[in-house]
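[1] okay, here's the prediction I keep looking at, along with the sequence it came from:
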Amino acid sequence: MAQYVGTDRHRARPRTFTNRRNASIRLANAAYFAPHPAKLRRASYITVMTDLTVWHDGACPLCQREIALMRRLDRRGAITFIDAADDDSMCPVDRADLLARFHASEDGRMLSGAAAFGAMWRAIPLLRPLGIAARNRWVLAILDRAYLGFLVVRPALQRLAGKQVGA
């Protein structure tokens, strides 16, 4: 049996001993090397890869800029971007609805508005903390209110962005 000496934080370390051939062997104790269960619960969202598809308005200069930024930040290629304004693209819901509001599909579940932004942010490592915060219903309600306010001023911002692109 292994002899345990000293402590490494909360776990005892197995003693290193030599066998007949003088090879150093360290006894592997599964409980010693396994991560703490609380760490598994905390980090479970980090390792989960999701299938994410985002529909955007490719005719909108504001949307083009935002999607270009998201593509630069998505270095892993975890997000599939589909231009909803393109007639050849496949649309799971009415094309007018896709163009009026931001939509995404996360693991087959259709999301729109702030929830879709949260799913996109979770897929991008730099923005993941925002996406995780958006899973909270209170945070999501605030983000959804802000998004509805943005939709009111969106046409004016599109005209402004269109003028800057044309200039």
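    Perfect, I can see it now.
[2] show the backbone phi and psi for residue 96.
    phi -60, psi -40 (degrees, to the nearest 10).
[3] report the contact partners of it.
    Contact partners of residue 96, counting by C-beta atoms under 8 Å, 6 or more residues apart in numbering, are absent. C-beta coordinates here come from the backbone N, C-alpha and C atoms, glycine included.
[4] what of residue 111?
    Contacts of residue 111 (C-beta under 8 Å, 6+ apart): 103-105, 118-119.
[5] sort out for me which of the residues you listed are in strands.
    103-105 (DSSP state E).
[6] so which of the residues you listed comes closest to residue 92?
    Set against residue 92, the nearest of the ones in strands among the contacts of residue 111 by C-beta to C-beta is residue 105 (6.9 Å).
[7] ok, and the most crowded of the ones in strands among the contacts of residue 111?
    For those, the largest number of neighbours (other C-beta atoms under 10 Å) sits with residue 104, at 25 neighbours.
[8] apart from its neighbours in sequence, what residue is nearest that one?
    Of all residues not flanking residue 104 in the chain, residue 116 sits nearest, at 3.7 Å (C-beta to C-beta, 6 or more residues apart in numbering).
[9] residue 115 is in contact with residue 140, isn't it?
    Yes. Using C-beta atoms under 8 Å, residue 115 is in contact with residue 140, at 6.3 Å.
[10] of the two, which one has the most company?
    residue 115 (21 against 17).
[11] look up how far residue 156 lies from that one.
    25 Å (C-beta to C-beta, to the nearest Å).
[12] looking at residue 89 now. What's its pLDDT?
    Predicted confidence (pLDDT) at residue 89: the value is 78.
[13] burial measure for residue 119, as a count.
    If we define neighbours as other C-beta under 10 Å, then residue 119 has 23 of them.
[14] tell me the pLDDT of it.
    95.
[15] mind listing what the residue nearest to it when sequence neighbours are not counted touches?
    Using C-beta to C-beta, 6+ apart and skipping the chain neighbours, the partner closest in space to residue 119 is residue 106 (4.2 Å). By C-beta under 8 Å, 6+ apart, the contact set of residue 106 is 50-52, 119.
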